[in-house]
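>>> missing the sequence, but the structure's below:
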């Protein structure tokens, strides 16, 4: 494969080609679609976390003017398949995930009935006229209580609340623990979070009875995976289904899923022979779009007096809610695999128990299992340093593998591609003026202030991934076509929804073809255009999707060289390709460019023998390994002693995502990720009460970070190319979310250390901190 | 009927987005008589006779408004869903305070949520637009 060029557009901060339509308000999100004859749906959802449905009266709703139909589980479920889960575990117990509730509800927000009406107002009014008689049943909303004898069962027919168990283990754990001078223990709770993309979910399904084909426009990250999975639910074969992800207003993993509403609208469109639209409300988004995180872990660390970490033993409970969504059981396994972080150790064991409770399902939310790991290991490093009276920086440096030890085999069985952890740490310390910062801290402390400095040196797993480790293929697909006019169409199987690949892929393609960026259009997100793809998640799109496009270009250049040789009357081996021109060696003035070649290739009147017309190629890229981006974040905070409020004073982020196609977009990804972390560290948490009632169903109760919460950043990067793809790219979409939470948490705990406070769980709300200060 | 539904469904001006229906996220911000309002909690009848500016009306004669230019240049948007509301809030903010500090900008964006950018680039964009507008004024 061609080694990537480092000239031209690659590496430049170019403003995005997608932006004009977005800043003018003329982009098309799913709710902006206006199909003639569209019917509107509203879904009646359960107000109970666990109840038996005794009866549903739909007559009054159905009789309302404008209402076309009201449907319950009895009408819908026999005609729709069960919602699939793509992740596996040997002992996985799966409840039947029907499209609408089947006589029983298992979480607040569980879809019970659907109204179809001529407009959204009629549909909404009709919801209030449906009468459901519920018989409430015992609820379990706490995962630890769910494991106790006598706990109510989430799904009584399963006979247990344990959904699955999973372990990662390597090395002689018992021997390492026997060698230890000390065993340090800590329980850590990683709270449940709500992704809260600003555009809620929504879809429009349109069935064409004439050709038996369905088009589904849906606000999703994964149109291709939906096309693979939807046939099993609605009975239309894959090759008659077109999925379109139009403009998508943020995902963060919450749209990396197949949801019941997508199958429901598809089915209703077939049934009612009309386009069907469903647009989620914010309240529905909070209760019925996947949540993230929610792990409780007991960690034990075997250490020598000199600080050497021998081994880690962890037992975690993952509260997965009431149903399995697409990847639910896979998420905590990423925590186990990434638990060693950037550090050498001899043995590790993590046992995960996935537990059903009467809540919304958890699944991939930005970081997906890795923030839990980076938080745990980075808190562990600080706890070990504190307990042994060691310097936390020296402790980290001592356990880093050196750059020449890569590929590095971790205690959890992964092979890190490349890394220079010391370099990012040193750079971050320099940007933070580390020594001055510590002096400032000493001074602030002396004056009575609670001033803390926190560090995290994180590593993550990205560019997911080799197909062997993925549920449904980890390759990526692309297609490049030189049009007859010489313009270029690049089609990608990844599905950007804010990441900017229409720009970064145009940069890559332009460099490799030697054409101006303006001549390139990048198409994505429509399965009738991008025939195959594995879409966007796990910070995979640029590394894998970009590489697939380069493979296409290699094929096109090889083919075009034959045509150029024929037209220039030269031997193929004498023709070289440089900057968009095919030249004859020794006669540089004898050359030919893409516009002429393309015209000849499609007119097809003067082609070499056995030469296929056209200039188009498609490719599947199968990566040999994931990539492992890393970095160091340093945070200074001040805690208000009288209120417990945390103020971020300094923020330094140094990230290494390998080569950067467009540093401006990298910066945007990192800053956006840090904002998610800041929310998680300081105030975001999804709360259910003991009755399984969701208490955080709006932005009022689930506050997102606002502009005034954001510190001024000092940002830097180092570049350690990944050997896993020819561009040396690692991925950056989740870096901020993985690296920043532990840095902020460590800073707050450092601020509170003089008061003898050792550990507080997230989020570090003022009240929690105030109580810790005052309850001492 | 809500103003936002009137704009989106009756006028088919779909650049105004709905993110929460409770005045909290600001995606539906429009200018009503020049002032930023959340169109999800204004009834269409309340706006009867008022001049409404949506994102579609911000550019003049095909030229982008300085805020639109700056949002583009500073990479102040990713998914773009909150962007129209951010730009209209920014216009109102700069009308009231033509030379805001970063802190004042952040304060002015209190009613607008963005889940993608982490706000820093949005603040950069409004700062840069303020300079553009002030230069334009000087020239005029």
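Done, it's in. As the structure is a computational prediction, the values presented were derived from the model and not from experiment.

>>> tell me what the helix or strand harbouring residue A:599 is packed against?
Taking DSSP states H and E as the definition, one finds residue A:599 inside helix A:594-603. Secondary-structure packing of helix A:594-603 (3 or more C-beta pairs under 8 Å, 6 or more residues apart in numbering or on different chains; DSSP states H and E): strand A:476-482, helix A:546-568. For the C-beta atoms, the positions are set from N, CA and C on the backbone; glycine is no exception.

>>> Can you name the next helix or strand after the last one?
In this case it means helix A:546-568. Next in sequence after helix A:546-568, counting helices and strands by DSSP H and E, comes strand A:575-578.

>>> how many neighbours does residue 126 have?
No chain was given, so I picked chain A. 27 (other C-beta atoms under 10 Å in any protein chain shown).

>>> Correction: the question concerned chain B.
The criterion is other C-beta under 10 Å. On that basis, residue B:126 has 30 neighbouring residues.

>>> Got the domain ranges for chain B?
B:3-57, B:66-139 (automatic domain parsing).

>>> Which of those domains sits closest to chain A?
For chain A, the closest of the domains of chain B is domain B:3-57, at 2.0 Å, according to C-beta to the nearest C-beta.

>>> mean confidence for the closest one?
Mean per-residue pLDDT for domain B:3-57: 97.

>>> returning to what we had before: right, so the domains of chain B: which one is the most enclosed?
domain B:66-139 (a mean of 22; mean count of other C-beta atoms under 10 Å in any protein chain shown).

>>> okay if I get the helices and strands packed on helix A:594-603 as a markdown table plus distance to residue A:21?
Putting those into a markdown table (distance: least, C-beta to C-beta, whole Å) gives the following:
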| stretch | distance to residue A:21 |
| --- | --- |
| strand A:476-482 | 23 |
| helix A:546-568 | 22 |
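
>>> Of those, flag the one that's most buried.
Of all the helices and strands packed on helix A:594-603, strand A:476-482 has the most neighbours on average by mean count of other C-beta under 10 Å, namely a mean of 26.

>>> what separates that one from the chain centre, distance-wise?
For strand A:476-482, the distance between its averaged C-alpha position and the chain's averaged C-alpha position is 24 Å (C-alpha atoms, centre = their mean, to the nearest Å).

>>> mind listing the helices for the stretch 651-776 of chain A?
In order along the chain, the stretch 651-776 of chain A carries the following helices (DSSP state H, counting those that start in this stretch): A:663-682, A:735-752, A:766-774.

>>> Nearest to residue A:186, out of the ones you listed?
Among the helices of the stretch 651-776 of chain A, helix A:735-752 comes nearest to residue A:186, with 11.2 Å by C-beta to C-beta.

>>> and the closest residue to residue A:537 other than its chain neighbours, how far is that from residue A:291?
Closest residue to residue A:537 apart from its sequence neighbours, by C-beta to C-beta, 6 or more residues apart in numbering or on different chains: residue A:256 at 4.5 Å. Summarising the geometry, the distance separating residue A:256 from residue A:291, computed by C-beta to C-beta, to the nearest Å, is 13 Å.

>>> Quick check: which of the helices and strands packed on helix A:594-603 is nearest to chain B?
Once those are compared by C-beta to the nearest C-beta, helix A:546-568 is nearest, at 18.1 Å.

>>> now that closest one: how far from the chain's centre is it?
Its chain's average C-alpha position is 34 Å from that of helix A:546-568, according to C-alpha atoms, centre = their mean.

>>> do stretch B:65-80 as well
Computed by C-alpha atoms, centre = their mean, the chain-centroid distance of stretch B:65-80 equals 11 Å.

>>> Can you name the residue of chain A nearest chain B?
Checked against chain B (C-beta to the nearest C-beta), the nearest residue in chain A is residue A:25, 2.0 Å away.

>>> What segments of chain B are strands?
Using DSSP state E, the strands found in chain B span residues B:29-32, B:35-38, B:52-53.

>>> could you dump these to CSV with distance to chain A?
Conversion of the strands of chain B to CSV gives the following (distance: least, C-beta to the nearest C-beta, whole Å):
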stretch, distance to chain A
strand B:29-32, 10
strand B:35-38, 12
strand B:52-53, 11
